[in-house]
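# Turn this into a structure:
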Amino acid sequence: MVVSGTPRHRTAWLPWLIWSFGPALFFYAWFQRVAPSIMIDQLMRDLGMSGAALGNLSAFYFYAYAGLQLPVGLLMDRYGPRRLLSAGAAVCAGGTLVFATAEFVAVAYLGRLLVGIGAAFSFVGGLKLATSWLPARHFTLASGLVMMSGMLGGMLGQAPMAAVVEQVGWRPALSASALAGLLLAAVTWLVVRDHPPGMRAAAPRESLGTVLRTLGHVLGNRQNLLLAVVLAAMTAPLLGFAGLWGVAWLMQIHAMSRAEAAGLASLLLLGWAVGSPLAGALSDRLGRRKPPLIAALLLGALALAAIIYLPAPSAATLGVLFVFAGACYGTMITGYAIARESNDAAVHGATFGFLNGAVVGSGALFQPLLGALLDLQWDGTLHAGAPVYDAAAFRNAFSALLAFLGIGAAAALALRESVPRTA
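Below you'll find the predicted structure:
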């Protein structure tokens, strides 16, 4: 749905309230995204899974999410966020319930696939509501706040969820979260509207030619292709490390309890939650997009290298590095501002969808990849029926994340600077 202009609403808080349902679903999506990271040993034991299979179980979320992002962008332009966010929350909740009750790996895969399908509408929906309801000068801030909400959901899905899982088990804990998703779906349908009253909406065009022209515009823009690499590289440590394998690394190599490991890993999400809106505000203030992005890529790579290679770091040192690295990676939110400023308004939904597909695709790639790299170096040691990996195996596997950050830095240098729109 293409809209013309964003009139000032007489009730100043109402646009922000309506916009907030995009971040709310993104919060829920991130909670579901990271939840498997704190139950790795239980899932491997109860479902009889290897590291690679466990990586695939978690990554099924990303397969659906990433694969749907470009269609989601097109659908968001066509049908608007109200229907899609409501349906997305309901499907995400249903998939969670399937996963929570699964007795076989194939059923668990199906549940995670449905969770990813429902969650796929969250981030793009939040950006679409921001373009319709909020002034353009607030777009970068709103984008950062959407990202922050996701990180807060991820934090809830780690240490607090770990404590609940320890008390009641992973199945009841996930079943309860499914009910929360159904409630979110109902409230979203009742409250959200696609655009302010009196705002003219262009008649949707459904022809194949129109869709192909939109795709051609998005994929033919060199800026979008470079941004896809940059944003995927900055997100890979969050999804591959903090989102799954970091908790196992802290438990097995640093001898932490499940709750301690989940709490420490969640500090990377905390850094991201703080860094995203701050990076957006800084970028707007500087009137530049590239310098903060490049600096954050390089500093984030150094922080990750320290996390991986420092000999016997203390928990406090790791905590500081996690927060700092997360704040650096959160700067990727300025990439969406570059995309908004480098593409026509008529294809913003499709552009955001394409970029978000690349972002989440990094999780689809690295969660099973890291699991496979760990399996290649596994010496056969088991504990309570689950594989145990040594420090060298984790270190070598995590080095793949550093290599991808280097590729992202090269792509960031090739970006064209965009001009912030403040009108």
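
# ok, now how distant is Met76 from His383?
46 Å (C-beta to C-beta, to the nearest Å). Any C-beta I mention is one placed from the backbone N, CA and C, and that applies to glycine too.

# which residues of the stretch 251-400 of the chain score low on pLDDT?
Under the criterion pLDDT under 70, no range of the stretch 251-400 of the chain is flagged.

# how about a cut-off of 80?
280-281, 283-288, 345-350, 353, 380, 382-387 (pLDDT under 80).

# What segments of the stretch 201-350 of the chain are strands?
With DSSP state E, counting those that start in this stretch as the definition, the stretch 201-350 of the chain shows no strands.

# quick revisit: look at Met76 and His383 and report which has more neighbours.
Met76 (26 against 11; other C-beta atoms under 10 Å).

# next helix or strand past whichever strand or helix holds the more buried one?
Using DSSP states H and E, Met76 sits within helix 51-79. Per DSSP H and E, helix 51-79 leads on to helix 81-100 as the next helix or strand towards the C-terminus.

# What's the separation between Val230 and Leu302?
17 Å.

# now Ser276
Taking C-beta to C-beta, one finds Ser276 at 20 Å from Leu302.

# CA atoms only for the helix or strand encompassing Ser143, dumped as PDB, please.
For Ser143, the element it lies in under DSSP H and E is helix 139-156. Once non-C-alpha atoms are left out, helix 139-156 reads as follows in PDB (Å, rounded to 0.1, in the frame of the first residue of the first chain):
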ATOM      1  CA  PHE A 139      12.100   7.200  10.900                       C
ATOM      2  CA  THR A 140      15.700   6.300  11.900                       C
ATOM      3  CA  LEU A 141      14.800   6.600  15.600                       C
ATOM      4  CA  ALA A 142      11.700   4.500  15.100                       C
ATOM      5  CA  SER A 143      13.800   1.900  13.200                       C
ATOM      6  CA  GLY A 144      16.300   1.800  16.100                       C
ATOM      7  CA  LEU A 145      13.400   1.400  18.600                       C
ATOM      8  CA  VAL A 146      12.000  -1.500  16.600                       C
ATOM      9  CA  MET A 147      15.300  -3.200  16.700                       C
ATOM     10  CA  MET A 148      15.700  -2.400  20.400                       C
ATOM     11  CA  SER A 149      12.300  -4.100  21.100                       C
ATOM     12  CA  GLY A 150      13.600  -7.200  19.400                       C
ATOM     13  CA  MET A 151      16.700  -7.300  21.500                       C
ATOM     14  CA  LEU A 152      14.700  -6.900  24.700                       C
ATOM     15  CA  GLY A 153      12.500  -9.900  23.500                       C
ATOM     16  CA  GLY A 154      15.700 -11.900  22.900                       C
ATOM     17  CA  MET A 155      16.900 -11.000  26.400                       C
ATOM     18  CA  LEU A 156      13.600 -12.300  27.900                       C
END
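
# Show me what it is packed up against.
helix 21-34, helix 122-133, helix 258-286, helix 334-342 (3 or more C-beta pairs under 8 Å, 6 or more residues apart in numbering; DSSP states H and E).

# Quick check: buried residues in the third one?
Neighbour counts using 16 or more other C-beta atoms under 10 Å place 258-280, 282-284 of helix 258-286 among the buried residues.
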